[in-house]
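K.L.:
this one's structure only:
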């Protein structure tokens with residue numbers, strides 16, 4: 001540590017003034033870097049929670065039935081993108097399940113709109129021509145429709161119920177059973 005003495009020449013009886021020693025940077029992590037890292041983590045955590053789909057938390061069957069009963073508009077979405085190429089049987093079973101769900105919801109007096117997503121195109125809803133998937137899903141969201149999404153998954157059969165809708169994914173046998181249609185009755 002270095003200390004400097006400074007004398008003031010203008011004053012007759014000046015005493016040496018002590019100057020503070022120069023501060024040396026600490027050998028550890030600088031505070032600015034720690035604060036920047038904390039800010040980045042905070043922004044990332046906020047973005048993660050903000051971008052989570054609304055209604056993504058699973059709910060019980062009775063809670064889901066209450067949501068269905070309270071909602072007048074429904075959307076049945078056939079997500080055909082994960083189907084194995086050329087597997088007409090799996091495709092037919094997924095589409096048949098979507099029809100069963102549409103009928104079950106219509107029987108309950110619901111206004112049902114159907115969509116099919118294949119590749120980067122979406123068919124159905126208010127349009128008679130293909131459009132982007134985002135346009136279809138955006139339309140359903142703007143109309144306040146409860147979403148029923150069906151998809152193919154060869155490794156996991158799963159039914160998820162949430163306040164924003166239901167997801168029913170699985171292999172051809174699971175899609176053929178179409179237990180989701182029975183849950184909404």
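P.N.:
All right, it came through fine. Owing to the predicted nature of the structure, the values given are computational and were not obtained by experimental measurement.
K.L.:
and residue 173, that one's in a helix?
P.N.:
Yes: per DSSP: H, G, I helix; E, B strand; the rest coil, residue 173 lies within a helix segment.
K.L.:
Now for the residue nearest to residue 160 when sequence neighbours are not counted: which residues touch it?
P.N.:
Closest residue to residue 160 apart from its sequence neighbours, by Cβ to Cβ, 6 or more residues apart in numbering: residue 167 at 4.3 Å. (Glycine included, C-beta is placed from N, CA and C.) By Cβ atoms under 8 Å, 6 or more residues apart in numbering, the contact set of residue 167 is 149, 151, 158-160.
K.L.:
pLDDT on the host helix or strand of residue 182, on average?
P.N.:
Using DSSP states H and E, residue 182 sits within helix 179-183. On average, the pLDDT along helix 179-183 is 95.
K.L.:
So which elements touch it?
P.N.:
helix 61-70, helix 88-107, strand 158-162, strand 165-170 (3 or more Cβ pairs under 8 Å, 6 or more residues apart in numbering; DSSP states H and E).
K.L.:
most neighbours per residue, which of those?
P.N.:
Neighbour counts (mean count of other Cβ atoms under 10 Å) averaged over each of those peak at strand 165-170, with a mean of 23.
K.L.:
what angle sits between that one and helix 61-70?
P.N.:
120 degrees (axes from the mean of the first three to the mean of the last three Cα atoms, to 10 degrees).
K.L.:
so what strands line up beside strand 165-170?
P.N.:
Counting by DSSP bridges, the strands paired with strand 165-170 are strand 146-152 (parallel), strand 158-162 (antiparallel).
K.L.:
Make JSON lines from those and add mean pLDDT to it.
P.N.:
Formatted as JSON lines, the strands paired with strand 165-170 follow (pLDDT from 0 to 100):
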{"stretch": "strand 146-152", "mean pLDDT": "98"}
{"stretch": "strand 158-162", "mean pLDDT": "97"}
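K.L.:
Would you agree residue 184 is in contact with residue 66?
P.N.:
No: Residue 184 is beyond contact range of residue 66, at 12.0 Å (criterion: Cβ atoms under 8 Å).
K.L.:
returning to that earlier point: between the helices and strands packed on helix 179-183, which one is closest to residue 137.
P.N.:
Among the helices and strands packed on helix 179-183, the nearest to residue 137 by Cβ to Cβ is strand 165-170 (11.0 Å).
K.L.:
wait, what's in contact with the closest residue to residue 100 other than its chain neighbours?
P.N.:
Closest residue in space to residue 100, ignoring its immediate chain neighbours: residue 181 at 4.0 Å, by Cβ to Cβ, 6+ apart. By Cβ under 8 Å, 6+ apart, the contact list for residue 181 reads 97, 100-101, 103-104.
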